[in-house]
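**Q** I would like to see how this sequence folds:
(one chain, ligands or ions: 1)
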Amino acid sequence: MQNNVRSLQRAVLSKLFDHLQEYYGVDSRDYVVDSRLNLHQIDALLAFKSDPQLDELRAALDRLEHGTYGVCITCKRPISRDVLERDPGRCLCASCEQGFNHGATVGVAQGVLNIFGPHVGL
Ligand SMILES: [Zn+2]
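**A** The predicted structure follows:
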């Protein structure tokens, strides 16, 4: 896992950049993706952008930093690699996501709400 951190981080940053470009007209891909920005610089870049998708990707960078990336935040099981490739900001495994979408587990939803604040669309 450790060896992969940089490439995972790149995947997250790449997605983050796509979003910044699409919605905010940021067009310095190399700066965002390749220059090993630290989290403070990324925060500066994201300042005043209240955007759930950016928050999600920013949180993914945090998890990379803390070595908890790719682990489901509710059941702590690993999230499969192809899920992460499709959606690098993903923080729930497939089964938790499903339970979450079906509203099966109020406790889980509440936990996610506490982590991400009230803008998670429930
Ligand atoms: Zn899970």
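**Q** residue numbers of the protein in contact with the ion?
**A** Contact residues (Cβ under 5 Å from the ion) of the chain with the ion: Cys72, Thr74, Cys75, Cys93, Cys96. C-beta coordinates here come from the backbone N, C-alpha and C atoms, glycine included.
**Q** so which helix or strand of the chain has the lowest pLDDT on average?
**A** helix 106-116 (a mean of 54; mean pLDDT, DSSP states H and E).
**Q** please report how far Arg81 lies from Ala47.
**A** Distance, Arg81 to Ala47, using Cβ to Cβ, to the nearest Å: 32 Å.
**Q** neighbour count winner among these two?
**A** For the pair Arg81 and Ala47, the greater number of neighbours falls to Arg81 (11 against 7), based on other Cβ atoms under 10 Å.
**Q** phi, psi of that one?
**A** The phi and psi values for Arg81, taken as degrees, to the nearest 10, are phi -60, psi -40.
**Q** okay, now the closest residue to Arg81 other than its chain neighbours: neighbour count?
**A** Distances taken as Cβ to Cβ, 6 or more residues apart in numbering put Gly70 closest to Arg81, at 7.9 Å, once the chain neighbours are dropped. Using other Cβ under 10 Å, Gly70 is surrounded by 22 other residues.
**Q** and what of Ile79?
**A** Neighbours of Ile79 (other Cβ under 10 Å): 21.
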